[in-house]
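Novice: how would this look folded up:
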Amino acid sequence: AWAQLAQAYSLTVTYHPAMRSASLNELRSVAQASLPKAEAAARRALQLDPNLADAYFALALSQDSRGQILVAEELYSKALVLDPGNSDTLHHYSLMLGAMGRSKEALVMRQRLQALEPFVPVFNRNTALLLWVNGQTEAATAMLENVPRDAPDRAVFLARIHAAAGRYGEAADLLLEI
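Specialist: Okay, here's the model as predicted:
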């Protein structure tokens, strides 16, 4: 329960309305309020069970949000040692690796995730982006086309791929769907 609470606090910024409005001051305020709570809850979970993968994941998530990349990477790795099939850890760790420019490592992790969870739209959308970044445009397009049409950012990501390939009409058509 403490690990789940920590995850919720860590993800508060991501799902806060200010994320859509791009209010940096409000987001900073939300992060300053939620991340210490996330860290405290994750540390409490680890205190109760030092081998709880979800607690390491939750602490990694909070450190990742703070920009403590090396610490976060160590914690994500520990979580995966304890639970190699944790889809949330694979998802967030690979997002961090991709953001760091380690797209090949991130894609390998995404492929592990796809083997476990092939039908989760947000997982597929992010995997498609990494496929594209790694030069696998056709695979990325095929994956995005199979994501439900109403999934968040599906049309935007697919439009980017089409525009990058010079297919501006297709990109514009997709953006009109939004």
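Novice: from here on, just use CA atoms for contacts and neighbour counts.
Specialist: Noted.
Novice: ranking helices and strands of this protein by mean pLDDT, which lands last?
Specialist: Within the chain, no helix or strand scores below helix 18-21, which has a mean of 76 by mean pLDDT, DSSP states H and E.
Novice: so after it, what's the next helix or strand?
Specialist: Tracing the chain past helix 18-21, the next element assigned as helix or strand by DSSP states H and E is helix 24-48.
Novice: check contacts around the residue nearest the centre of the chain.
Specialist: Nearest to the mean C-alpha position of the chain, by Cα atoms, centre = their mean, lies residue 92 at 4.1 Å. Under the criterion of Cα atoms under 8 Å, 6 or more residues apart in numbering, the neighbours of residue 92 are residue 61.
Novice: how close does it get to residue 161?
Specialist: Residue 92 sits 23 Å away from residue 161, going by Cα to Cα, to the nearest Å.
Novice: tell me the confidence at residue 177?
Specialist: Looking at residue 177, its pLDDT reads 81.
Novice: which phi and psi does it have?
Specialist: Main-chain dihedrals, residue 177, degrees, to the nearest 10: phi -70, psi -20.
Novice: how close does it sit to residue 143?
Specialist: If you measure residue 177 against residue 143 using Cα to Cα, the figure is 18 Å.
Novice: the two: which is more packed in?
Specialist: Between residue 177 and residue 143, counted using other Cα atoms under 10 Å, residue 143 has the larger neighbour count: 19 against 10.
Novice: just give the nearest non-adjacent residue to the more buried one, would you?
Specialist: Using Cα to Cα, 6 or more residues apart in numbering and skipping the chain neighbours, the partner closest in space to residue 143 is residue 128 (5.9 Å).
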